[in-house]
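Enquirer: mind looking at a prediction? Sequence and model below.
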Amino acid sequence: MPVTSASAAVSAADLGRPLGRDVTFLQLSSGFCAPCRATRRVLERVVATGDGVAHVEVDVADRADLAERFAVTQTPTVVVLDAAGVPVVTVTGVPTLAAARATAAAAAAR
């Protein structure tokens, strides 16, 4: 998984939703994207089985500012944020459940 360039932290106010205590999956999606729906299911499962993990999905059509900030060129793009909202990793495409859980654990351990 490619690491993002250093970016400013993302706040709950930026997203309009609370961040996870340990990790937040920020999913940048589009309405017509079937892989985005699959990604949502994977990340919701991680949230349901993990403590301190949140998932926030935003549509790039509604949040062009976030799409530009994270240089989104395809959907789904998932930006993994640590407890402070600092971007740790950016992933494109549908992650496996194992990869999403491992990424959450690595981000929480930072």
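Expert: Right, received. Where do you want to start?
Enquirer: for residue 67, which non-adjacent residue is spatially closest?
Expert: On the basis of C-beta to C-beta, 6 or more residues apart in numbering, the spatially nearest residue to residue 67 that is not a chain neighbour turns out to be residue 60, at 4.1 Å. Any C-beta I mention is one placed from the backbone N, CA and C, and that applies to glycine too.
Enquirer: for that neighbour, give its distance to residue 22.
Expert: In this structure, residue 60 and residue 22 are 26 Å apart, going by C-beta to C-beta, to the nearest Å.
Enquirer: next one: stretch 70-77 to chain centre, how far?
Expert: In terms of C-alpha atoms, centre = their mean, to the nearest Å, the centre of stretch 70-77 is found 11 Å from the chain centre.
Enquirer: between the two ends of it, how far is it?
Expert: Between the opening and closing residues of stretch 70-77 there is a gap of 9 Å (C-alpha to C-alpha, to the nearest Å).
Enquirer: in it, what counts as buried?
Expert: Taking 16 or more other C-beta atoms under 10 Å as the neighbour-count basis, stretch 70-77 is seen to contain the buried residues 70, 72, 75, 76, 77.
Enquirer: packing partners of whatever helix or strand residue 39 lives in?
Expert: Residue 39 belongs to helix 34-49 when assigned by DSSP states H and E. Taking 3 or more C-beta pairs under 8 Å, 6 or more residues apart in numbering; DSSP states H and E as contact, the helices and strands that helix 34-49 lies on are strand 23-29, strand 53-59, helix 97-109.
Enquirer: pull the contacting residues for residue 14.
Expert: Contact analysis of residue 14 by C-beta atoms under 8 Å, 6 or more residues apart in numbering lists 66, 85.
Enquirer: now do it, the pLDDT please.
Expert: pLDDT, residue 14: 93.
Enquirer: keeping just the C-alphas, turn the strand or helix carrying it into CSV.
Expert: Using DSSP H and E, the secondary-structure element containing residue 14 is helix 12-15. Only the C-alpha atoms of helix 12-15 are listed here, as CSV (Å, rounded to 0.1, in the frame of the first residue of the first chain):
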residue,chain,number,x,y,z
ALA,A,12,-14.1,15.7,12.6
ALA,A,13,-15.2,19.2,11.5
ASP,A,14,-13.7,18.6,8.1
LEU,A,15,-15.7,15.4,7.8
